[in-house]
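Asks: Provided below are the primary sequence and the corresponding predicted coordinates.
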Amino acid sequence: MNNNLKESITAWEPAAVWSECGDGWFTVPADRFRDLAVRLRAEGFDFLRSLTGMDWGGEGFGVVYHLESTATGENVVLRTMTPDRENPVLPSVCDLWKTAELNEREAFDYFGIRFLNHPDMRRLFLRDDWVGYPLRKDYDPSQNPLRMSNEVSKDSTASFELMPDGSIIRQRNVLFDEGEYVINIGPQHPATHGVLRFRVSLEGEIIRKLDAHCGYIHRGIEKMCEELTYPQTLALTDRLDYLGAAQNRHALCMCIEKGLGVEVPERVQYIRTIMDELQRIDSHLLFFSCLCMDMGALTAFFYGFRDREKVLDILEQTTGGRLIQTYNTIGGVQADIHPDFVRKTKEFIAYMRPKLREYHEVFTGNVIAQERLKGTGVLTREDAISFGATGGTGRASGWACDVRKRHPYAAYGKVDFEEVLFTEGDCFARYMVRMREIEQSLNIIEQLIDNIPEGEYQLKMKPVIRIPEGSYYAAVEGSRGEFGVFIESRGDKYPYRMKFRSTGLPLVACLETIARGTKIADLIAIGGTLDYVVPDIDR
Amino acid sequence: MEVRNPRIKSMKYEDFNDNEYIESMVRELRENGTNVVVGCLDEVIEWGRSNSLWPLTFATSCCGIEFMAVGAARYDFARFGFEVARASPRQADFIMVAGTITHKMAPVLKRLYDQMADPKYVIATGGCAISGGPFKKSYHVVDGVDKILPVDVYIPGCPPRPEAMLYGLMQLQRKVKVQRFFGDVNRQIDRKECEELLRRDLTAEKNELNVEKDANHEQ
């Protein structure tokens, strides 16, 4: 963080205290936080990268905000906290950054922090009858045995407001009126790509309101990580977004390496980059297949899967896993690349390019596909930034949000590739971004595959890994957006808190904005082109 | 009439690993004795049923993607008769529980299972569905889908390879072949009884979480 920005923030808010520990952050008192947030938003910090709820034990509960300015690329980390463990209350920022809406619900769900003036303070992942808050350090899991009763969907929600005399009142907000026609989609529905559930209010065919229910595959990974050593936590990230397994694990390894101050060898950087790009091709091919299948083009599904198997073969030969590779390790990779890796990858590049033309002939030019994708489900650039909808979705709306360009990591600084941008922001743009990104990924691999430097593939690490005290954030460009890892360490061999910035949660958050006013049938195309993976949303 | 060991076209009987299990089922059938007419009818019906098992498209996580791969061009489970994946439980013969089942999902899964028409089967695919897998210690994961459903076949792996899934599916075919449609023998306990037992265990705690109380609390 540069000194100018540091001085400006101290000038705007003298109560903000700078701490130089890990990434460095400002601690702001809760009563002054809201003013500073408004100021930063006005100064161009329009992208809330990550919002993390925290339990600091005796110091109380708090939230860590990672902000970025899309114009200047500057980053700032803010913290605020409340010492009240009985009734923790903090100001909401969901009117400044729309992505905070679901993230604050997540913090409420995990820690019981209530956000003032948040319009919808419901649990995000867990059942409404869940007892306690699972990510609190003093949570007792025996309070929540398996409940087999069906959950009742409520039509109202609550918000909390601060009165002038300091008391907090609870207000009831109506989600769906008595007379509204509400239909339920999911959690078991072939077009929701997993166990996501929507409640949609319709007027004829037109969507009036959409309420997304998450948590059907909430596996509590963040809490589990707090009881695992750093090398053990690596096992879980692959299973978050299983179509970005290599990238997720890359992000976690990068974050741990950043904390340790380890520089990985160049050979590892190259291998990781190539693996990430192969994984991206795999993911985008699956995106193509599933989108086509959802829209009724079953042949295209088989084409996509046929070619995806070729990528999986390459991945499997080196890593031993098709889907879950568990390949990256702290300070390197699990094993050296297979002797056939280079040859096979080159063969695949030569094979894939003509196939892409075939896809466009089979599907892209199809009248039905064009009619259903063009002009439907428009997301504006401002909304994309405000929701933090990174990846193909953001780039289809004209937001240059590629982490590979914004904060180059691994070998991405050394390769020449185009960041695919569209301005329409509709389903067709989102589809085309991903199809064009396959070409770019092939270009990246082509530039690297012949130049993999010699050297060791794994650094010698200490048997017990302890990260110095502080907090660290590292991000990679996952298959569907910025995948970030936030680690707070207290110097132990276990992380004090580990948070994964989900690539899918912002996409679900912006779904309501996109879908409102479109037809119910378009919801399938919108959901398909947003390309979320549900275990990554729920974590 | 003599009940034969089940044979399926796709794989030799000797190539299967756990024939003892199937043989014990066959032995039980033999001991019970079967009427010739009913037995022949049964054999025709089981032949038909085992070759047209329709799965329910049910996937919660990683294993679901491998399940899709099994349905796609290279592995193509349509070869064995798992032709049509149905999106509605009413039309499905078996449910392939592919992925982690969480506390929030468990009642939904149970409901899906209850909605399926008999005879119905459950395959637990992958570590998560079998035992909770890598998430066993989590506060929100059901450690094994057999806690809420009667499971017929377990397919281990994280995720299992498509070949493993095909092997598991063929095991289910063999199992279907030694079940008697008319007699409903060869089940250790009656399915209804089993469901009732499960239901009783799980609703024991229901008093504490009655839904009405919660609804009142909201107002």
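Replies: Looks like it came in fine.
Asks: the helices in the stretch 1-150 of chain A, which residues?
Replies: A:3-12, A:30-42, A:100-111 (DSSP state H, counting those that start in this stretch).
Asks: what's the least confident stretch among the ones you listed?
Replies: Mean pLDDT values for the helices of the stretch 1-150 of chain A show the minimum at helix A:3-12, a mean of 82.
Asks: where's whatever residue of the stretch 201-350 of chain A ends up closest to chain B, which helix or strand?
Replies: Taking CB to the nearest CB, chain B has its nearest neighbour within the stretch 201-350 of chain A at residue A:305, 3.4 Å off. Where you see a C-beta, it was placed from the backbone N, CA and C, and this is true even at glycine. Under the criterion of DSSP states H and E, residue A:305 resides in helix A:298-319.
Asks: Same check on residue B:112?
Replies: Applying DSSP H and E, one finds residue B:112 within helix B:106-115.
Asks: What residues of that helix count as buried?
Replies: B:106-110, B:112-113 (16 or more other CB atoms under 10 Å in any protein chain shown).
Asks: ok, those residues vs residue A:71, which is closest?
Replies: residue B:108 (44.7 Å; CB to CB).
Asks: Contacts only, for the closest one.
Replies: When contacts are counted by CB atoms under 8 Å, 6 or more residues apart in numbering or on different chains, residue B:108 touches A:187-188, A:195, A:216.
Asks: before we move on, the earlier item: and the next element down the chain from the helix holding residue B:112?
Replies: Downstream of helix B:106-115 (by DSSP H and E), the next one is strand B:121-125.
Asks: got a list of contacts for that next one?
Replies: B:53, B:63, B:67, B:93-99, B:113, B:130, B:144-146, B:149-155, B:157, B:159-160, B:165, B:168-169, B:172, B:175-176.
Asks: Give me the angle between it and helix B:106-115.
Replies: Orientation note: strand B:121-125 sits at an angle of 150 degrees relative to helix B:106-115 (axes from the mean of the first three to the mean of the last three CA atoms, to 10 degrees).
Asks: Just checking: what are the partner strands of strand B:121-125?
Replies: Strand pairing for strand B:121-125, using DSSP bridges, gives strand B:94-98 (parallel), strand B:153-155 (parallel).
Asks: Dump these into TSV; add mean pLDDT and mean neighbour count as well.
Replies: Output for those, formatted as TSV (pLDDT from 0 to 100; neighbours: other CB atoms under 10 Å in any protein chain shown):
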stretch	mean pLDDT	mean neighbour count
strand B:94-98	89	27
strand B:153-155	90	22
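Asks: May I see those strands organised as TSV, with distance to residue A:36 added?
Replies: As requested, these are exported to TSV (distance: least, CB to CB, whole Å):
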stretch	distance to residue A:36
strand B:94-98	47
strand B:153-155	54
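Asks: same question for stretch B:7-14, mean pLDDT?
Replies: Per-residue pLDDT over stretch B:7-14 has a mean of 79.
Asks: For it, list every residue counted as buried.
Replies: The neighbour-count criterion (16+ other CB under 10 Å) identifies B:8, B:11 as the buried residues of stretch B:7-14.
Asks: for stretch A:51-61, same thing?
Replies: Across stretch A:51-61, burial judged by 16+ other CB under 10 Å covers A:51-55, A:60-61.
Asks: Stretch A:351-364 now?
Replies: Applying 16+ other CB under 10 Å to stretch A:351-364 flags A:352, A:355-356, A:359, A:362-364 as buried.
Asks: Of those, which belong to helices?
Replies: In this view, the buried residues of stretch A:351-364 that belong to helices under DSSP state H are A:352, A:355-356, A:359.
Asks: TSV please, covering the residues you listed and showing distance to chain B.
Replies: Putting these into TSV (distance: CB to the nearest CB, whole Å) gives the following:
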residue	distance to chain B
A:352	16
A:355	13
A:356	17
A:359	15
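Asks: would you list those in a markdown table and tack on pLDDT?
Replies: Listed next are these as a markdown table, based on pLDDT from 0 to 100:
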| residue | pLDDT |
| --- | --- |
| A:352 | 91 |
| A:355 | 90 |
| A:356 | 90 |
| A:359 | 89 |
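Asks: and the residue lying closest to the residue of the stretch 201-350 of chain A closest to chain B once chain neighbours are set aside, what does it touch?
Replies: Nearest residue to residue A:305 in three dimensions, chain neighbours excluded: residue B:72, at 3.4 Å (CB to CB, 6 or more residues apart in numbering or on different chains). The neighbours of residue B:72, taking CB under 8 Å, 6+ apart as the test, are A:289, A:301-302, A:305-306, A:309.
Asks: what's the most distant pair in these?
Replies: Spanning the widest gap among the contacts of residue B:72 are A:301 and A:309, at 12.9 Å by CB to CB.
Asks: and the closest residue to residue A:304 other than its chain neighbours, how far is that from residue A:388?
Replies: Closest residue to residue A:304 apart from its sequence neighbours, by CB to CB, 6+ apart: residue A:289 at 3.1 Å. Residue A:289 sits 27 Å away from residue A:388, going by CB to CB, to the nearest Å.
Asks: who has more neighbours, these two?
Replies: Taking neighbours as other CB atoms under 10 Å in any protein chain shown, residue A:289 and residue A:388 compare with residue A:388 leading, 31 against 24.
Asks: quick one: which of the helices of the stretch 1-150 of chain A is nearest chain B?
Replies: Each of the helices of the stretch 1-150 of chain A was scored for nearness to chain B using CB to the nearest CB, and the closest is helix A:100-111 (10.9 Å).
Asks: what are the ranges of the helices in chain B?
Replies: Under DSSP H, chain B gives helices at B:19-32, B:36-50, B:62-71, B:106-115, B:126-131, B:162-177, B:191-203, B:211-218.
Asks: List the buried residues for the fifth one?
Replies: In other words, helix B:126-131. Using 16+ other CB under 10 Å as the burial criterion, the residues of helix B:126-131 that qualify are B:126-131.
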